[in-house]
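In: need a structure here:
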Amino acid sequence: MNPWRMATLALLLTACGGNDKSEDSGSTAVETPTFTEIRDEVLFPSCAFSSCHGGGAGGLTLSEAEPDSAYAALVGAIGASNLPLVTAGDSSNSYLIDKIEDADTMVSGTSMHPGSSLLSTEPDTVAGIRAWIDAGAPDN
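Out: Below is the predicted model of the structure:
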């Protein structure tokens, strides 16, 4: 099992709620997860429930019943904020990253992780998502 997957699984167990290497802003190597890993190990367990993006909060709907729709819902899609959710190749201009990191550059509305710190406190998970976006956000 790759280190990113192990870190993500450990995170999910404690919080309940790719093979290329890329550099994150802290200069440590990060495994680039596949979209399927991000979708199945982070987004669905953390975000796709009825009170959140399973119910379409913020204009984004993630449905485990329709897993193939998740990619199109994120990559190149425009969210309720009228900004691109994921800009392939450019994590710094992806609204998803701003929401995960609770940045003030593009974020509107409430924090993406109300009542949960699943994504905001796991730098390896966020770095992996950044690495995937910066690698062109492949549908893999």
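In: rest of the way, CA atoms for contacts and neighbours
Out: Fine.
In: separation between residue 75 and residue 66?
Out: According to CA to CA, to the nearest Å, residue 75 stands 16 Å off from residue 66.
In: Name the residue in the two with the higher neighbour count.
Out: Applying other CA atoms under 10 Å to residue 75 and residue 66 shows that residue 75 carries more neighbours, namely 20 against 8.
In: If you rank every helix and strand of this protein by mean pLDDT, what lands last?
Out: Within the chain, confidence by mean pLDDT, DSSP states H and E is lowest for strand 21-23 among all helices and strands, at a mean of 40.
In: Following element in sequence after that one, please.
Out: strand 29-31 (DSSP states H and E).
In: can you pull the buried residues of that next one?
Out: The neighbour-count check on strand 29-31 (16 or more other CA atoms under 10 Å) flags 30-31 as buried.
In: Neighbouring strands of it in the sheet, and parallel or not?
Out: Next to strand 29-31 in the sheet, as set by DSSP bridges, lie strand 21-23 (antiparallel).
In: which sections of this structure are below the confidence cut-off?
Out: Along the chain, the model assigns pLDDT under 70 to residues 1-28, 103-121.
In: Do a quick rundown of the helices in it.
Out: 3-15, 35-38, 44-47, 69-74, 95-101, 123-134 (DSSP state H).
In: Burial-wise, tell me which of the ones you listed comes out on top.
Out: Ranked by mean neighbour count, the helices of the chain are led by helix 123-134 with a mean of 23 (mean count of other CA atoms under 10 Å).
In: I'm done for today, thanks for sticking with me.
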